[in-house]
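Engineer: Just need the structure, nothing else, for what follows:
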Amino acid sequence: MLKNDVDSLAPGRDFNRRDFVRTAVGSGFAAAVLPVTAQTIKTDAQGLELGEVVIPVGDFKLPAYRAQPAGARNPPVVLVISEIFGVHEHIADVARRFAKQGYLAIAPELFVRQGDAGSYGEIAKLQAEVIMKVPDEQVMRDLDACVAWAGTQGGDVARLGVTGFCWGGRITWLYAAHSPAVKAGVAWYGRLVGNSTALQPRHPLEVADQLQAPVLGLYGGQDQGIPLDTVDKMKAALAQGSAAARRSGFHIYPEAPHAFHADYRPSYRKEAAEDGWKRCLAWFKAQGVA
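Structural biologist: Predicted coordinates for the structure are as follows:
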């Protein structure tokens, strides 16, 4: 479980309330992560088309943040799945980073039916009132709709990748087992095991043998919420699974904690984050996404 970072100001932190007001998808930061750190990365928008879009899911209008190279023709598509805080500025920045690499990146607001994840100041309350009420089946359907939408916008959905962080890391594993359209996934410190509920009936360990695309797991050796023995169990399950499962793998950063890629949080570890990003891009290229 993530620790609550809503605390008093500390040296090295940059606190400007204007930066954190979420007026649109991909803007500002979630209340539960304030104050953000001074090291927060901001990727410029030069050469990109970006902003909030609305994706139809049946009769529902799903908000999402989209970034892609300006004038791109048939770019590969990557779904960027957020942590529990929704699509705030960091997730939008990751989408822009992918766009700079030539991708059509889509980061959907997957909690919006259940509530505004960005407005919660307490992580435990956010988990109980919003996150735990989001059905996995709903998420899979929403992601399918994002892929369909990308196809209508000129994206090459035959080259589809999915990546996610924390909550989104778990979803990355699940979506790679759900969708035959996915060519590769990269899961950043996503939970691998858990209690089965009506809304979250299965976890990555239970679908490891059903992967339809290979997944690279990037995990921290000091992650207090994801014991390494669960990674070992996942490795064993992958070895006995589908062809895609057997092509999957992990890279562990021994000294890294949970959320080591989150440059807006004290958990950020620059060396591990930068290496993970390189591995993510290389994985997508090797699996035919890029």
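
Engineer: Show me where the stretch 101-250 of the chain has its helices.
Structural biologist: With DSSP state H, counting those that start in this stretch, the ranges of helices along the stretch 101-250 of the chain come out as 123-129, 136-152, 167-178, 204-207, 228-239, 243-246.

Engineer: out of those, deepest packed?
Structural biologist: helix 167-178 (a mean of 26; mean count of other Cβ atoms under 10 Å). All C-beta spots, glycine's among them, are computed from the backbone N, C-alpha and C.

Engineer: and that one, what does it pack onto?
Structural biologist: Helix 167-178 sits against strand 76-81, helix 136-152, strand 156-165, strand 182-188, helix 204-207, strand 215-220, with contacts defined as 3 or more Cβ pairs under 8 Å, 6 or more residues apart in numbering; DSSP states H and E.

Engineer: I'd like the distance from the nearest residue to residue 130 once chain neighbours are set aside to residue 84, if you could.
Structural biologist: Spatial nearest neighbour of residue 130, excluding adjacent residues (Cβ to Cβ, 6 or more residues apart in numbering): residue 115 at 4.1 Å. Separation of residue 115 from residue 84 (Cβ to Cβ, to the nearest Å) stands at 11 Å.

Engineer: So if I had to pick from the two, which one is more boxed in?
Structural biologist: residue 84 (21 against 16; other Cβ atoms under 10 Å).

Engineer: List phi and psi for that one.
Structural biologist: The phi and psi values for residue 84, taken as degrees, to the nearest 10, are phi -70, psi -10.

Engineer: quick one: contacts for it?
Structural biologist: Shown in contact with residue 84 (Cβ atoms under 8 Å, 6 or more residues apart in numbering): 2, 111, 117, 123, 126, 127, 130, 131, 166, 167.

Engineer: isn't the fourth one right up against residue 31?
Structural biologist: To tie it back to what came earlier, the one meant is residue 123. No - using Cβ atoms under 8 Å, residue 123 makes no contact with residue 31, being 10.2 Å away.

Engineer: Residue 225 and residue 258 touch, don't they?
Structural biologist: Yes - counting by Cβ under 8 Å, residue 225 touches residue 258, with 5.6 Å between them.

Engineer: That'll do, ta.
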